[in-house]
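Chemist: here is a sequence with its predicted model. Questions after.
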Amino acid sequence: MTTQLRLAHTAALDPSELLAVRALLDEAFDGDFSDADWDHGLGGMHVLIRDEDGIAAHGALVMRRVRHRGRWLRTGYVEAVAVRADVRRTGLGGRVMAELERLADRAYDLGALAASEDGAPLYTARGWQRWPGQVHALSPDGIVRLREDEGGVYVRPALAGPLDPGGELVFDWRDGDVT
């Protein structure tokens, strides 16, 4: 299988590429990929891997702000990672993540993502650490705790250095799933 990796900002993707990525995500998430989920993956950098049949894998890194120990950290947040069903378990997810990690490590204080139980092994095998502490969001009504998201957030301290697991993470607000 011959593949080609492309790294591009959302603004550099043409409408047909965006439609193909959305179709991949809808299929990979069995129709459980909402318009808000789609919106979360736009406005940053995309890794696309193509093969003879089209887009085989995708992931995005968008900038967010996360407060930890009184400091707002520029955070490279991983979104919309998917691999086409017929090429899963061939290393494409790892290639996508390697590019996203390279960007996060060099350009952000922190890397972060939310993982499902199925997705968590990919991230932990790559050194992502499950956040053991509390997770909050700065909502329109003030800071709210996101108990349902605790245990599903993973971090990759980059320029910020080690995080204090006794501290909390406070995510910036967005529509749909906050983390």
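Modeler: Noted; the coordinates are in hand. Only a predicted model underlies this, so the values are computations on that prediction, with no experimental measurement involved. Numbering: from 1, shown residues only.
Chemist: spatially central residue for the chain, please.
Modeler: Geometric centre of the chain, nearest residue: residue 78, 1.6 Å, by C-alpha atoms, centre = their mean.
Chemist: which residues does the helix-or-strand element of the chain with minimal mean pLDDT contact?
Modeler: Of all helical and strand segments in the chain, the minimum by mean pLDDT, DSSP states H and E falls on strand 153-157, at a mean of 92. Identification of contacts with strand 153-157 by C-beta atoms under 8 Å, 6 or more residues apart in numbering yields 101, 104-105, 110-115, 120, 123-124, 127-131, 135, 163, 169, 179. C-betas here are computed from N, CA, C, even on glycine.
Chemist: and stretch 54-71, what's buried?
Modeler: 55-62, 64-68 (16 or more other C-beta atoms under 10 Å).
Chemist: got a markdown table for these, with pLDDT too?
Modeler: Below are these laid out as a markdown table (pLDDT from 0 to 100):
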| residue | pLDDT |
| --- | --- |
| 55 | 98 |
| 56 | 98 |
| 57 | 98 |
| 58 | 98 |
| 59 | 98 |
| 60 | 98 |
| 61 | 98 |
| 62 | 98 |
| 64 | 98 |
| 65 | 97 |
| 66 | 97 |
| 67 | 97 |
| 68 | 96 |
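Chemist: by residue count, what's the longest strand in the protein?
Modeler: Longest strand in the chain by number of residues (criterion: DSSP state E): strand 54-68.
Chemist: other SSEs contacting that one?
Modeler: The contact analysis (3 or more C-beta pairs under 8 Å, 6 or more residues apart in numbering; DSSP states H and E) places strand 54-68 against helix 15-28, strand 45-51, strand 71-83, helix 92-107, strand 110-114, strand 169-172.
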